[in-house]
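A.B. asks: sequence-free structure coming up:
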């Protein structure tokens, strides 16, 4: 079984300018499912592009279309598995904001745990058999993350889902939720070229302005 995860973010992670920072995304449980929804979403985007009179090169994103069109696109995803991670920035410890590295570590942890909870929910619902998952593919909207930061995120995800984690404070090992996972890959994508990353943009925008 292959799992495909598409995600985007909304907001700025700092101590002064935003109340919330959002990660959001969509999850597809097979290549067939992913491909079907990609075709459907492209069709819906074409309809929105025409009604909004967008130029050919303009992306159909939360920042470029009307609230009515955003709501229409969001409703079109009613039968898609979705997730959202909302960080209340005023509740984040001040020292987290003191360096880019500590901020990135915090965001990576929040993202990793948020995705893990979504996948555990799908396991509990019987939609995923953890013994059958062999590959997980992450597609993340590219942003200002440094190259080493991207490597660290991939490492963190691999540890959580493939290798398992160890809590040194309690001397306890937490096994991975997918014991037979063969590979995990992470791609940072230009949303112009990756249709399903734009589904994540619409969900992130919806949560940010909720």
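C.D. replies: Looks like it arrived, so ask away. From a predicted model like this one, the values you see are computed outputs, not experimental measurements. Residues are numbered from 1 along each chain as shown.
A.B. asks: Near the residue lying closest to residue 12 once chain neighbours are set aside, how many other residues are there?
C.D. replies: Nearest residue to residue 12, sequence neighbours excluded (Cβ to Cβ, 6 or more residues apart in numbering): residue 18, at 5.0 Å. The way it works is simple: take the backbone N, C-alpha and C, and place the C-beta from them, glycine included. Neighbours of residue 18 under the rule other Cβ atoms under 10 Å: 16.
A.B. asks: which ones are touching residue 18?
C.D. replies: Applying Cβ atoms under 8 Å, 6 or more residues apart in numbering to residue 18 gives the contacts 11, 12, 89.
A.B. asks: What of residue 23?
C.D. replies: Counting by Cβ under 8 Å, 6+ apart, residue 23 touches 7, 8, 9, 84, 85, 87, 107, 110, 111, 114, 204.
A.B. asks: State whether the fifth one is indeed within a strand.
C.D. replies: Yep, that's residue 85 we're talking about. Yes: according to DSSP: H, G, I helix; E, B strand; the rest coil, residue 85 belongs to a strand.
A.B. asks: So what pairs up with it in the strands?
C.D. replies: residue 23 (DSSP bridges).
A.B. asks: Retrieve the pLDDT associated with it.
C.D. replies: Per-residue pLDDT puts residue 85 at 96.
A.B. asks: ok, it - contacts?
C.D. replies: So, once contact is read as Cβ under 8 Å, 6+ apart, residue 85 ends up touching 22, 23, 24, 110, 111, 114.
A.B. asks: Likewise for the second one?
C.D. replies: Contacts here follow Cβ under 8 Å, 6+ apart; on that basis residue 8 touches 23, 24, 25, 140, 141, 191, 197, 198, 200, 201, 203, 204.
A.B. asks: what bits of this protein have low per-residue confidence?
C.D. replies: Within the chain, the ranges that satisfy pLDDT under 70 run 144-149, 168.
A.B. asks: show me where it has strands.
C.D. replies: Assigned by DSSP state E, the strands in the chain fall at 2-10, 20-28, 81-88, 135-141, 165-167, 172-174, 183-189.
A.B. asks: Which among the ones you listed is found nearest to residue 129?
C.D. replies: Comparison of the strands of the chain against residue 129 by Cβ to Cβ identifies strand 2-10 as nearest, at 11.4 Å.
A.B. asks: now for the helix ranked longest in the chain, which elements pack on it?
C.D. replies: For the chain, the helix with the greatest residue count under DSSP state H is helix 100-124. In terms of contacts (3 or more Cβ pairs under 8 Å, 6 or more residues apart in numbering; DSSP states H and E), helix 100-124 is packed against strand 2-10, strand 20-28, strand 81-88, helix 147-158.
A.B. asks: how far out from the middle of the chain is the third one?
C.D. replies: If you compare the mean C-alpha spot of strand 81-88 with that of the full chain, they lie 8 Å apart, counting by Cα atoms, centre = their mean, to the nearest Å.
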